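Participant: requesting a structural model of the entry that follows:
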Amino acid sequence: MEKKVRGIRGATVVEKDDKEEIKKAAKELFDLLLRENNISPSEIVAVFITATPDLHSTFPAEAIRERDEFRYIPFICAQEMRVEGALEKCIRFLVLAYTDKDQIDIHHLYLGKASSLREDLSRRENL
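Facilitator: Residues are numbered from 1 along each chain as shown. Okay, the predicted model is just below:
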């Protein structure tokens, strides 16, 4: 089967605006997204990361950029809109990668409290 670019989504929540906690949560989510979808660094096209406005201690991508195998992959971090009642301290990923999986077979991961964002896509509610 021919590989196509697919979007792989995920989100997680941290307890507080702390540099190390943000980096740890971002790394954990990113690694799980790649492992669950059998994606290698060479198959990644780009990674888009957003964080809610209450997170400002570090860029979530910092933890991933520290690793040599991801050095040449384009990452962008952006701040999400302020929306009343939105989930707080949330980090979201959109990984664009080549895969032979059909879109329906992609494993999107919404961890912990973030599972409420997309219950229809959440496969791991309490990681």
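Participant: tell me which residues in the lowest-mean-pLDDT helix or strand in the chain are buried?
Facilitator: Sorted by mean pLDDT, DSSP states H and E, the helices and strands of the chain end with helix 62-65, the least confident at a mean of 90. For helix 62-65, burial by neighbour count (16 or more other Cβ atoms under 10 Å) applies to A63, I64. (C-beta placed from N, C-alpha, C; glycine too.)
Participant: and for stretch 20-40?
Facilitator: Neighbour counts using 16+ other Cβ under 10 Å place 21-23, 25-27, 29-30, 32-34, 36-37, 39 of stretch 20-40 among the buried residues.
Participant: repeat that for stretch 87-98.
Facilitator: For stretch 87-98, by 16+ other Cβ under 10 Å, it's K89, C90, I91, R92, F93, L94, V95, L96, A97.
Participant: tell me the one among the residues you listed nearest to A78.
Facilitator: R92 (9.7 Å; Cβ to Cβ).
Participant: how far away is that closest one from D17?
Facilitator: Counting by Cβ to Cβ, to the nearest Å, the gap from R92 to D17 is 16 Å.
Participant: what ranges does the chain have for its helices?
Facilitator: Secondary structure of the chain (DSSP state H): helices at 19-36, 62-65.
Participant: kindly reformat these as JSON lines containing distance to Q103.
Facilitator: Below are the helices of the chain laid out as JSON lines (distance: least, Cβ to Cβ, whole Å):
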{"stretch": "helix 19-36", "distance to Q103": "15"}
{"stretch": "helix 62-65", "distance to Q103": "24"}
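Participant: what's around the closest residue to V47 other than its chain neighbours, how many residues?
Facilitator: Excluding the flanking residues, the one nearest V47 by Cβ to Cβ, 6 or more residues apart in numbering is F75, at 4.8 Å. Residues lying near F75 (other Cβ atoms under 10 Å) number 19.
Participant: that concludes my questions; thank you for your assistance.
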